[in-house]
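[1] Quick one, structure for this:
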Amino acid sequence: MDDIIEPRFQETYPTLFEKSSKKVKDESWLATDDVEYCELPLIDLSCLNFWSLGKFEEDSFTSEDFAQCIKEMAEAASDWGFFQVVNHGIPQKDLKNMLYEQKKLFHQPFSKKAEKSFMNFSANSYRWGSPTATCLRQFSWSEAFHIPLPDLLRLDECNKTRSSIGLFATKAASLAQRLAEYLANNLGAKSSYFRDNCLPSSSYVRMNRYPPCPLSFEVYGLMPHTDSDFLTILYQDQVGGLQLRKDGRWLGIKPNPEVLIINIGDLFQAFSNGVYKSIEHRVVARSEVERFSVAYFYCPSHEAVIENFSSKPAVYRKFSFKEYTQQVQKDVRATGDKVGLSRFLIL
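    This is a model prediction of the structure:
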């Protein structure tokens with residue numbers, strides 16, 4: 001029986017990898033790990049009542065503490081598009097249990113993971129490589145389980161996997177909604193928008209594994225991109241490899257399994273009329289070790305409309321989430337790359 005766990009990247013995309021043996025003329029895109037590391041803003045959410053150990057007392061924090069926390073989040077969302085949070089309401093033991101179950105899932109034989117009926121997931125939940133890539137620059141050396149939240153109820157074959165992922169998803173959904181509401185209120189927007197348009201059924205969890213890569217500096221673990229949601233909640237292991245692009249430079253993010261990473265997505269940039277930034281980021285592949293992460297993507301329903309709510313002239317035209325995802329898919333099929341928000345600018 002074939003018990004190899006690794007996806008067959010090079011065998012499936014021979015034309016792309018044959019080119020890797022030739023000298024690369026333009027090295028500006030190479031996924032080097034030789035970058036400066038940055039210190040992302042670190043925000044303590046204790047005063048927002050996310051304390052997970054039952055020690056929170058309402059009068060422990062003042063209104064000034066609350067306002068300062070919101071201010072720090074808004075500044076990070078505007079300047080970095082990324083920030084880290086502690087005391088977020090998801091216990092470390094739950095995150096570690098999820099990581100353990102995630103590793104067991106990915107360490108199944110590749111032939112089994114690729115089966116349509118694997119774990120009772122929906123079709124195309126298991127994803128690997130980059131089928132639309134036309135060159136190595138567009139290729140991602142990674143595999144993932146893309147799980148819409150309603151699909152969690154289908155995982156009746158493995159209760160531990162279902163419960164660990166489901167617990168993370170439930171708590172991440174609550175965290176995402178509250179963070180989105182605070183960030184919206186800071187702009188003067190109505191927080192009810194998220195309760196009305198971002199139902200749990202429209203969001204999803206994505207579990208990622210980045211296998212060891214023999215061509216680690218000639219191919220990405222995950223190609224540069226921005227997220228097509230309102231915000232993303234990311235938990236990663238201690239291996240590292242996540243980088244963001246700021247002021248024209250790639251900066252590494254030091255791994256810290258004790259925190260969650262929050263990043264702003266395209267929809268929040270449009271919703272905020274460009275105040276909050278959806279920042280390009282990528283993952284560098286490693287040559288000798290595997291890396292794991294799991295992300296919760298906070299998305300609206302397909303019919304939800306994203307538009308400027310402020311009195312200032314709109315930067316982007318009004319569009320639905322369905323229209324946005326269809327445009328992204330069209331661009332990726334045509335060019336291998338996501339064009340994103342620039343398609344919706346008001347010129």
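
[2] Please name the residues that touch K93.
    By Cβ atoms under 8 Å, 6 or more residues apart in numbering, no residues touch K93. C-betas here are computed from N, CA, C, even on glycine.

[3] any idea of the pLDDT on it?
    With respect to pLDDT, K93 has a value of 93.

[4] Check which residues of the helix or strand encompassing it are buried.
    Here K93, judged by DSSP states H and E, is contained in helix 92-106. Across helix 92-106, burial judged by 16 or more other Cβ atoms under 10 Å covers 94-95, 97-99, 101-102, 105-106.

[5] Dump those residues into a markdown table; add distance to S202 as well.
    Below are those laid out as a markdown table (distance: Cβ to Cβ, whole Å):
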| residue | distance to S202 |
| --- | --- |
| D94 | 23 |
| L95 | 24 |
| N97 | 26 |
| M98 | 21 |
| L99 | 25 |
| E101 | 24 |
| Q102 | 23 |
| L105 | 24 |
| F106 | 26 |
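
[6] Can you tell me which of those is nearest S203?
    Set against S203, the nearest of the buried residues of helix 92-106 by Cβ to Cβ is M98 (16.3 Å).

[7] Torsion angles phi and psi at N273?
    Backbone geometry at N273, expressed as degrees, to the nearest 10, gives phi 60, psi 30.

[8] How many residues are close by it?
    Residues within reach of N273, counting by other Cβ atoms under 10 Å, total 19.

[9] what's the answer for W128, then?
    Neighbours of W128 (other Cβ under 10 Å): 20.

[10] That one contacts H146, correct?
    No. Using Cβ atoms under 8 Å, W128 is not in contact with H146, being 10.9 Å away.

[11] Low-confidence bits of the stretch 51-200 of the chain, can you list those?
    Where the stretch 51-200 of the chain drops to pLDDT under 70, the residues are 51-60, 155-158.

[12] avg pLDDT for stretch 329-347?
    Mean per-residue pLDDT for stretch 329-347: 92.

[13] need the helices for this structure, in chain order.
    Listed in chain order, the helices of the chain (DSSP state H) span 9-12, 14-18, 63-79, 92-106, 110-113, 159-187, 192-197, 266-271, 321-335.

[14] Tell me which of these sits most buried.
    helix 266-271 (a mean of 24; mean count of other Cβ atoms under 10 Å).

[15] As PDB, could you dump the C-alpha coordinates of stretch 83-95?
    Extracted C-alpha coordinates of stretch 83-95, given in PDB (Å, rounded to 0.1, in the frame of the first residue of the first chain):
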ATOM      1  CA  PHE A  83      -1.300  42.500  14.900                       C
ATOM      2  CA  GLN A  84      -0.900  39.900  17.500                       C
ATOM      3  CA  VAL A  85      -3.300  39.300  20.400                       C
ATOM      4  CA  VAL A  86      -3.100  37.600  23.800                       C
ATOM      5  CA  ASN A  87      -5.900  36.900  26.300                       C
ATOM      6  CA  HIS A  88      -8.100  36.300  23.300                       C
ATOM      7  CA  GLY A  89     -10.400  33.700  24.900                       C
ATOM      8  CA  ILE A  90      -9.100  30.500  23.200                       C
ATOM      9  CA  PRO A  91      -7.100  28.400  25.800                       C
ATOM     10  CA  GLN A  92      -3.700  27.100  24.800                       C
ATOM     11  CA  LYS A  93      -4.700  23.600  25.500                       C
ATOM     12  CA  ASP A  94      -7.400  23.800  22.900                       C
ATOM     13  CA  LEU A  95      -5.000  25.200  20.300                       C
END
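
[16] any idea how far that stretch is from the chain center?
    Relative to its parent chain, stretch 83-95 has a centroid offset of 16 Å by Cα atoms, centre = their mean, to the nearest Å.

[17] now do stretch 282-297
    Distance, centroid of stretch 282-297 to centroid of chain: 11 Å (Cα atoms, centre = their mean).

[18] Then stretch 103-110?
    Here stretch 103-110 is found 21 Å from its chain centre; the criterion is Cα atoms, centre = their mean.

[19] So Y13 sits against G129, correct?
    Yes. In this structure, Y13 is within contact of G129 by Cβ under 8 Å, at 6.6 Å.
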